[in-house]
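Undergrad: Quick one: sequence plus predicted model below, questions after.
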Amino acid sequence: MPAPLRKRGFVITRLADVLCAQPERFDLLTHLNQAPTLPKRTVVIGAGGFVGRAIAARLKGQGADMLAVTRHEVDLLTGDAAQKLEALLRPDDAVVAAAAQAPCKDMVMLIDNMVMTNAMLTAFAKVAVSHVVNISSDAVYPDAPVPLSEKVPAAPTTLHGVMHLAREIALSGEVKAPLAILRSSLLYGVDDPHNGYGPNRFRRQANAGEDIILFGDGEERRDHVLIDDVADIAVRVLAHRSCGILNIATGTVHSFRSIAEKAIDLAASKSSIVARPRSGPIPHNGYRPFDVAATRAAFPDFAYTPLSEGMAQAQRAVAEA
């Protein structure tokens with residue numbers, strides 16, 4: 001059973017051990033169900049968040065038996081969270097662990113995220129779930145000038161990356177059921193609650209006729225994934241009862257300036273693009289590409305939505321709302 005983690009007490013009995021015990025890498029994604037079959041029931045923990053809500057909607061759209069758990073049902077930071085979650089779970093449930101405080105910016109948030117993880121693990125130890133899918137982040141990887149693959153050892157350089165890696169290893173060490181870890185790159189879509197720098201913020205600024213402010217000249221090139229594609233892959237992983245690790249990234253990078261230009265074009269906006277000097281070094285040395293061969297091997301019939309098409313879909317959805 002997971003050792004207790006004390007909220008805000010800066011006493012995390014497992015965290016140091018978890019990080020020090022990091023394996024060189026996790027296994028690559030493999031399918032336990034060769035013929036895809038959705039679980040008897042899937043519990044989406046964190047269904048009120050950007051990723052969890054999209055996965056829950058995709059499951060519901062496919063007619064799956066699904067229970068959406070938000071903080072209204074279980075607040076994972078409360079002392080009785082594990083007991084409440086345990087009461088909602090059934091043996092043989094598949095579980096999507098999408099609940100997290102993100103992005104993790106400081107030590108308090110890091111500790112809170114481990115408290116949340118511990119509550120989930122305590123519940124999983126009491127109920128024999130059949131499959132766990134953990135939503136993680138590419139922030140666990142180091143910076144590299146070559147495309148990142150699942151074989152690259154994790155070496156986070158931010159608290160956000162440390163948080164996700166600690167979650168991954170804690171789940172890997174405690175969960176008895178098959179475990180899939182999905183490490184996503186930057187996400188965008190209509191319902192993003194963070195207004196993150198990139199397609200989401202630029203679309204909103206262009207639609208409002210506001211200037212789009214770029215860090216530096218917007219030369220940084222990153223991989224952006226439509227939230228619908230994340231949900232698609234997650235449901236495929238559930239149906240195949242896959243275990244191991246998979247990156248969620250398109251394999252194509254775009255500069256933030258080109259994204260801003262596309263947002264203005266789609267909105268037919270009079271917004272201007274304004275370059276601002278950076279206050280620090282360019283993140284990831286300005287370039288963070290991915291090797292997506294593992295996704296192609298796992299799901300040969302899947303294709304990521306091109307950024308221009310995904311941005312157009314989001315713009316149409318906003319216009320029709």
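TA: Looks like it arrived, so ask away. Numbers count the residues shown, from 1 in each chain.

Undergrad: gap between the two ends of stretch 126-144?
TA: One end of stretch 126-144 to the other measures 41 Å (Cα to Cα, to the nearest Å).

Undergrad: How about it, which residues are buried there?
TA: Across stretch 126-144, burial judged by 16 or more other Cβ atoms under 10 Å covers 127, 129-141. To be clear about C-beta, it is placed using only N, CA and C from the backbone, and glycine gets the same treatment.

Undergrad: so Ala206 touches Ser271, yeah?
TA: Yes. Between Ala206 and Ser271 there is a contact at 4.9 Å, judged by Cβ atoms under 8 Å.

Undergrad: Identify the contacts common to these two.
TA: Both Ala206 and Ser271 are contacted by 212, 263-264, under the criterion Cβ atoms under 8 Å, 6 or more residues apart in numbering.

Undergrad: Mind putting the buried residues of stretch 126-144 into a markdown table with secondary structure?
TA: Shown next, in a markdown table, are these (DSSP: H, G, I helix; E, B strand; the rest coil):
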| residue | secondary structure |
| --- | --- |
| Val127 | coil |
| Val129 | coil |
| Ser130 | coil |
| His131 | strand |
| Val132 | strand |
| Val133 | strand |
| Asn134 | strand |
| Ile135 | strand |
| Ser136 | strand |
| Ser137 | strand |
| Asp138 | helix |
| Ala139 | helix |
| Val140 | helix |
| Tyr141 | coil |
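
Undergrad: So which of those is the closest to Gly48?
TA: Ranked by distance to Gly48 (Cβ to Cβ), the buried residues of stretch 126-144 are led by Ile135 at 13.4 Å.

Undergrad: okay, the closest one: pLDDT?
TA: Predicted confidence (pLDDT) at Ile135: the value is 98.

Undergrad: Contact partners for the closest residue to it other than its chain neighbours?
TA: Leaving aside its chain neighbours, Ile135 sits nearest to Ala98 (4.5 Å; criterion: Cβ to Cβ, 6 or more residues apart in numbering). Residues in contact with Ala98 (Cβ under 8 Å, 6+ apart) are 44-47, 49, 51-52, 55, 135.

Undergrad: Can you give me the domain boundaries for this protein?
TA: 5-187+224-248, 195-223+252-289+305-320 (automatic domain parsing).

Undergrad: Give me the average confidence score over the last one.
TA: Averaged over domain 195-223+252-289+305-320, pLDDT sits at 95.

Undergrad: Distance from the chain centre to that domain, please.
TA: 20 Å (Cα atoms, centre = their mean, to the nearest Å).

Undergrad: Looking at Ala206 and Ser271, which one has more neighbours?
TA: Ala206 (25 against 18; other Cβ atoms under 10 Å).
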